[in-house]
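Participant: Sequence first, then the predicted structure, then my questions.
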Amino acid sequence: MTTIEHISRFLIQCGDASAVDALRIWLFPLSLSRLAFAWFSSLPANSIITWADLEKQFHKYFFAGVHEMKITELMAVKQRNDEPVTNYIQRFRDIKSRCFSLSLSDSQLAELTFQGLLPHIRERFSSHEFESLSHLAQRLAYVDVRAPVQTRTTFQKRLNFAGDSSDSENEAEIGLAEWTKNREPVLCPFAKKQKEKYGFNITKADQIFDLLLQEGQIKLYANHTIPSATKLKNLKYCKWHNAVSHSTNKCIVFCKEIQSAIEAGRIKFGTPKKPMKIDGHPFPTYMVEVSDHGAKTGLKLLTSE
C-alpha cells in the first residue's frame, strides 16, 4: 500500500473528524503499526505542528516511487459542472497529497481551491475569506452548483477580450481583477443620487474601479494591463473584465461586486471636507461719501461694518 492509499483510507475512516486538522493529527498514530509507528514515535518534539507537516513527513519517509505532482497540476484542478463542492474539494485534496514537496499555508491552499470553483460560486463568495480547506468545505458544503437562470440576454453575450482574435463561442465571462483581503474600508464619494437598483451612482463605476485600485482594495491579475485611451480609440472597455464588449459603467457584474462590497462594509460613502473659500471681501462693505469743504469733489471711502 502506498502512502497516498494509507492516508486516503485513514481520512475515510475518520469520517466527520477528518474535517478538523487537530483530530487528524491526534488519530493518525492509531492507523500505524510496526515500523511506521516506530517512525512516528521517534519524531522530535514540536516537529509536527499542522496536519500538512505530518503528511509531508510521512510521504517523505515512506515514499515508494509514486509520481509526484507539481503545483501546476494542482492549479489545473477545476470544479466540473454539476459536481458538488465537497467532491471537488476532495479531488483537490487527493492531488495535493501527491505534491510531496509543496509548501503552502492553509489559507493559500484554500485560496487556490477557491479559484477552481465554478464562476458563479466564486462570484457569490468573492467577498468572503477562508482560513483553510476545512473552513471552505464547511461554508460551501450545501451550495447549489447549478448556474442561476439568466433572464437577460446580455448575460449570454460572449466577451471579446482586448487582443483576443479567438472565434470560440465557449468562452466564459471571467473577471480579471479581484478583491484584496484585510484592507480598511475605503471612503467613496459616489453615493446614491437617485432611486435605482444599486446603493451607489452606477455612472461612476469606472471611477470607483480606479479608486479601489488606487487604495489597494482590488488588484489586477498578472496578465491584466489596462490599455491607454489612445490604444482603445474610443472603444467601449471594461476594466473589470479587460473586455471591449461593454464599458465599466455598464458592467453588471462589477456593479454587483461593488454592491456586495458595500453590504459587507468594505466601502463606505462620505463627502470629503471642502476647504473654506472667500469669494469676495470677508466683511460687509459700505460706500461712505465724505465731503471736503476745501475740495471741488467729494471722496468715497470703502469701509467695513
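Facilitator: Yep, it's here.

Participant: quick one: contacts of stretch 47-61?
Facilitator: 3-4, 7, 21, 24-25, 28, 39, 43, 97, 100, 103-104, 106 (C-beta atoms under 8 Å, 6 or more residues apart in numbering). Bear in mind the C-beta positions are built from the backbone N, C-alpha and C, glycine included.

Participant: mind listing what's buried in it?
Facilitator: Using 16 or more other C-beta atoms under 10 Å as the test for burial, stretch 47-61 gives 48, 51-52, 54-56, 58-59.

Participant: Return the item of those residues having minimum pLDDT.
Facilitator: Least confident of the buried residues of stretch 47-61 in the model: His59, at 78.

Participant: Next one: it relative to Ser103, how far apart?
Facilitator: 13 Å (C-beta to C-beta, to the nearest Å).

Participant: Repeat that for Ala141.
Facilitator: 27 Å.

Participant: Which residue, neighbours along the chain excluded, lies closest to Ile218?
Facilitator: Using C-beta to C-beta, 6 or more residues apart in numbering and skipping the chain neighbours, the partner closest in space to Ile218 is Leu212 (4.7 Å).

Participant: Give the burial count for that neighbour, as a bare number.
Facilitator: 24 (other C-beta atoms under 10 Å).

Participant: which SS class is it?
Facilitator: Under DSSP: H, G, I helix; E, B strand; the rest coil, the three-state class of Leu212 is helix.

Participant: does the residue nearest to the spatial centre of the chain have beta-bridge partners, and which?
Facilitator: Geometric centre of the chain, nearest residue: Trp179, 3.5 Å, by C-alpha atoms, centre = their mean. Beta-bridge pairing for Trp179 (DSSP bridges): Ile218.

Participant: I'd say it and Ser126 touch.
Facilitator: Yes. Using C-beta atoms under 8 Å, Trp179 makes contact with Ser126 at a distance of 6.1 Å.
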